[in-house]
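Peer 1: quick one, structure for this:
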Amino acid sequence: MKKRIEEKLPVEDVVEPVEAQGALPDGDAAAEPDEEGLQEFHYEIRHDLQKRVDLYLRDRLPNFSRAMLQKLVKSGVVMVNGRAAKSSTVLRAGDVVEVSLPRGGPAPREAMPENIPLEVVYEDDQFIALNKQAGLIVHPARGHWTGTLINALLWHAQETHGKLSTGSDPWRPGIIHRLDRDTTGLILIAKTDEAHWRLAGQFERRTIKKTYMAIVHGLVDLESDLIDAPLAVHPKMREKYAVRPDVGKPAQTVYTVKERFVTGRGGAGYTLLELAPRTGRTHQLRVHCAHIGHPIVGDSMYGGRQITMADVVGETQNTKRKTHSTTAGAAKTKDDSRKTKGAVELDEVLIERQALHAFRLQFVHPTKFHRMLLEAKMPGDMERILELLRLHTA
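Peer 2: Alright, predicted model coming up:
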């Protein structure tokens with residue numbers, strides 16, 4: 001059975017494993033790449049070792065510390081006799097240990113500053129609030145050692161003679177919470193260790209009020225409601241999450257309808273929702289919207305789809321004339337060119353990511369202790385969709 005290392009793994013856990021170096025006194029080892037780019041390590045235990053699996057692997061994979069290996073075990077990529085192992089699993093004669101690790105170059109020793117534009121919403125000597133752009137990963141991880149928010153923050157600190165908090169992970173300086181790669185909006189970055197633990201405490205106690213805006217498919221019936229649906233990793237697709245009442249962790253989201261738009265092909269329409277998560281589970285808002293039958297526009301992982309100009313404006317008279325009109329006496333090639341141009345405009349994709357934006361944060365300043373309310377303006381792609389929907393709504 002093959003398991004992928006999940007993105008949640010700290011980056012220091014993801015380094016190139018050493019190649020197997022032949023049979024060892026207490027086991028046979030083999031390492032082969034599979035078709036998915038993973039490197040499979042296979043160990044057959046010959047002696048009754050009475051040794052924990054994490055300690056055994058520390059001897060076999062010296063590039064990994066024991067803490068790293070424990071996290072790998074917890075992530076489910078270490079199997080003993082075909083079952084996911086625990087760090088406390090004790091190995092005995094006849095056991096088979098399998099480990100799946102990604103191939104690729106080793107992780108760099110530290111994140112490096114990169115000149116990546118940042119939109120600063122607020123900054124003082126304790127923290128920074130940013131309006132994160134789409135497509136920006138928050139911190140380095142396997143396959144993405146550069147071009148992240150961390151790289152941009154290191155450059156910003158370097159240019160402003162500032163600093164970032166150390167936190168508990170040297171690869172994630174300043175990071176208190178995260179946003180998905182293609183989710184835009186407000187994210188708080190600590191500059192001092194005091195600010196880090198005070199703001200992190202507010203997130204942990206759920207006293208920070210977070211508000212998101214999302215454009216979803218369909219017309220949501222109720223003006224407001226609570227979605228109370230426990231979440232856990234999808235049983236078949238490890239990169240996804242799903243509503244799983246039997247094993248899921250509690251997850252609650254309050255939604256409020258801000259605008260409805262009866263427009264587009266078939267008049268199905270769209271809804272602008274304000275989302276207020278009461279918990280902070282991975283992919284929570286995306287899964288919850290899909291759960292109530294209104295996936296977020298552009299969120300292909302959870303049932304949403306990209307929308308085009310034709311989806312929003314429909315086949316109006318203007319667009320038909322623009323597509324099919326000809327000028328008297330014009331050459332056929334010119335007419336075809338106009339048709340092609342019109343078709344391209346109607347087929348224009350309006351958004352290539354989930355239409356989800358972290359709009360507002362309300363919290364207490366970490367050292368001055370006064371209440372703060374910060375907002376991040378809507379990104380251009382979402383704003384354009386809303387303008388078109390308002391223009392063409394029935």
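
Peer 1: R198 versus the most centrally placed residue in the chain, what's the distance?
Peer 2: With distances taken as Cα atoms, centre = their mean, D180 lies nearest the centre of the chain, 2.8 Å away. According to Cβ to Cβ, to the nearest Å, D180 and R198 sit 25 Å apart. Glycine gets a C-beta too; all of them are placed from N, C-alpha and C.

Peer 1: is V90 in contact with Y56, as I believe?
Peer 2: No - judged on Cβ atoms under 8 Å, V90 makes no contact with Y56 at a distance of 9.4 Å.

Peer 1: quick one, phi psi at the residue nearest to the centre of the chain?
Peer 2: Backbone geometry at D180, expressed as degrees, to the nearest 10, gives phi -60, psi 160.

Peer 1: what score does it have for pLDDT?
Peer 2: Note on D180: pLDDT of 92.

Peer 1: contacting residues for it?
Peer 2: By Cβ atoms under 8 Å, 6 or more residues apart in numbering, D180 lies in contact with 283, 286, 354, 356.

Peer 1: ranges for the helices of the stretch 51-200 of the chain?
Peer 2: 53-60, 66-75, 149-160, 193-205 (DSSP state H, counting those that start in this stretch).

Peer 1: just for the protein, where's the confidence low?
Peer 2: 1-39, 62-68, 101-110, 141-144, 167-170, 264-267, 314-344, 394 (pLDDT under 70).

Peer 1: R371: neighbour count?
Peer 2: R371 has 8 neighbouring residues, counting by other Cβ atoms under 10 Å.

Peer 1: err, Q158, not the other one
Peer 2: 12.

Peer 1: pretty sure it contacts P113?
Peer 2: Yes - using Cβ under 8 Å, Q158 is in contact with P113, at 5.1 Å.

Peer 1: nearest to L226, out of the helices of the stretch 51-200 of the chain?
Peer 2: Nearest to L226, of all the helices of the stretch 51-200 of the chain, is helix 193-205, at 20.1 Å by Cβ to Cβ.

Peer 1: please report how far the nearest residue to P250 once chain neighbours are set aside lies from R260.
Peer 2: Computed as Cβ to Cβ, 6 or more residues apart in numbering, the closest residue to P250 that is not its neighbour in sequence is P230, at 5.7 Å. Note on P230: its distance to R260, by Cβ to Cβ, is 29 Å.

Peer 1: equivalent analysis for V78, please.
Peer 2: The gap separating V78 from R260 is 49 Å, by Cβ to Cβ.

Peer 1: repeat that for E98.
Peer 2: Distance from E98 to R260, by Cβ to Cβ: 52 Å.

Peer 1: and A251, by the same measure?
Peer 2: Taken as Cβ to Cβ, the span from A251 to R260 is 25 Å.

Peer 1: more neighbours, these two?
Peer 2: Comparing A251 with R260 by other Cβ under 10 Å, the one with more neighbours is A251, at 25 against 17.

Peer 1: hang on, isn't the more buried one packed against H283?
Peer 2: No - using Cβ under 8 Å, A251 makes no contact with H283, being 9.8 Å away.

Peer 1: give me the common contacts of these two.
Peer 2: By Cβ under 8 Å, 6+ apart, the residues touching both A251 and H283 are L231.

Peer 1: what ranges does the stretch 201-350 of the chain have for its helices?
Peer 2: Under DSSP H, counting those that start in this stretch, the stretch 201-350 of the chain gives helices at 284-291, 309-313, 317-324, 332-346.
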